[in-house]
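**Q** Coordinates for the following, if possible.
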Amino acid sequence: MGSKAFQFKGGEGQQLSGVLEEPEGLARGWAIFAHCFTCTRDSKGAVAVSRALASRGIGVLRFDFTGLGESEGDFGAAGIGGDIRDLKAAAGALEDVDIAVDLMVGHSLGGAAVLHAAGEIDSVRAIATIAAPADPAHILRVLGEQRATIEKDGKAEVRIAGRRFTISRGFVEDMESRAWEDTIAGLRRPLMVMHAPEDEVVGIENAGLIFQAALHPKSFLSLDAADHLLTRRKDAEWVAEIIAGWASRYLPD
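**A** Reported below is the predicted structural model:
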């Protein structure tokens, strides 16, 4: 296996930075991994799951969303709409190098973004979410008291996961405007929902809402004692093994 830099233009023309995790030999299929809220392509979960999938023959593109990691742009203005545009741009960039995206995997808010983007990417055959919120607006609770300031002044500086971001009113409105139930019901692709019962960041009830909204074929896997960010390598590798086995039914021959 090998890791290779992969740069491409996002939905607004900004430069996005990614890494291709290439399997050894002929790939069984290709996936895009969408990282968690304010994380990067180099978060423990993103790296571990992507490399574990590659070791099982599924190549993966993991990349930094707009304004995060090494990607250009304004994170605080993008909202989940920006993530969705980035995912569609990533699929288009892979198509330009003769790689069709068969599988989309999203972690936390990246899972919500994948649920909204996958239906607009024709090549996608299957979708997996890990600890994803059903409603993207769920993530807005991290804004705390600053949310009132954002609504009043149009923007505010917010500290999230030890870093400071300037969040705009447009970011909040974009999160609140997503009709998630109809979107999930309209996917009409095999879906695997993965969630830990004791997740304290995004509650397990979100997995139930996603599962209820989705049409068959759909599957649910309890991640037992895994933490929200999949910081333990054994948890990330187990997730990848399950996804690879499940997705193999839907990958090209």
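**Q** that's a helix at residue 80, yeah?
**A** Yes: inclusion of residue 80 in a helix is indicated when DSSP: H, G, I helix; E, B strand; the rest coil is applied.
**Q** Next, count neighbours for the closest residue in space to residue 248 that isn't next to it in sequence.
**A** Residue nearest to residue 248 in three dimensions, not counting chain neighbours: residue 28, with 6.7 Å by Cβ to Cβ, 6 or more residues apart in numbering. The way it works is simple: take the backbone N, C-alpha and C, and place the C-beta from them, glycine included. Around residue 28 sit 19 other residues, with neighbours defined as other Cβ atoms under 10 Å.
**Q** Relative to residue 132, how far out is residue 28?
**A** The gap separating residue 28 from residue 132 is 24 Å, by Cβ to Cβ, to the nearest Å.
**Q** same thing with residue 197?
**A** In this structure, residue 197 lies at 15 Å from residue 132, with Cβ to Cβ as the measure.
**Q** Looking at the two now, which is surrounded by more residues?
**A** Here residue 197 and residue 132 are compared on neighbour count by other Cβ under 10 Å; more neighbours surround residue 132, at 27 against 12.
**Q** What sits closest to that one if chain neighbours are left out?
**A** For residue 132, ignoring the flanking residues on the chain, the nearest one in space by Cβ to Cβ, 6+ apart is residue 111 at 2.6 Å.
**Q** Quick check: phi and psi on the residue nearest to residue 248?
**A** Backbone torsions of residue 28, given as degrees, to the nearest 10, read phi -80, psi -20.
**Q** Let me know whether residue 23 touches residue 57 as I believe.
**A** Yes: if you go by Cβ atoms under 8 Å, residue 23 and residue 57 touch, sitting 4.9 Å apart.
**Q** rewinding a little: which strands or helices does the strand or helix carrying the residue nearest to residue 132 pack on?
**A** When elements are assigned from DSSP states H and E, residue 111 belongs to helix 109-117. With contacts taken as 3 or more Cβ pairs under 8 Å, 6 or more residues apart in numbering; DSSP states H and E, helix 109-117 sits against strand 29-34, helix 75-96, strand 103-107, strand 126-130, helix 180-185.
**Q** Let's see that with 10 Å instead.
**A** strand 29-34, helix 75-96, strand 103-107, strand 126-130, helix 180-185, strand 191-195, helix 205-213 (3 or more Cβ pairs under 10 Å, 6 or more residues apart in numbering; DSSP states H and E).
**Q** What residues sit buried inside the fifth one?
**A** Within helix 180-185, the residues that count as buried by 16 or more other Cβ atoms under 10 Å are 180, 183, 184.
**Q** For residue 247, see how far away the residue nearest to residue 248 is.
**A** As judged by Cβ to Cβ, residue 28 and residue 247 stand 9 Å apart.
**Q** intersection of neighbour lists for those two?
**A** The contact sets of residue 28 and residue 247 overlap at 53, 56, 58, 102, 103 (Cβ atoms under 10 Å, 6 or more residues apart in numbering).
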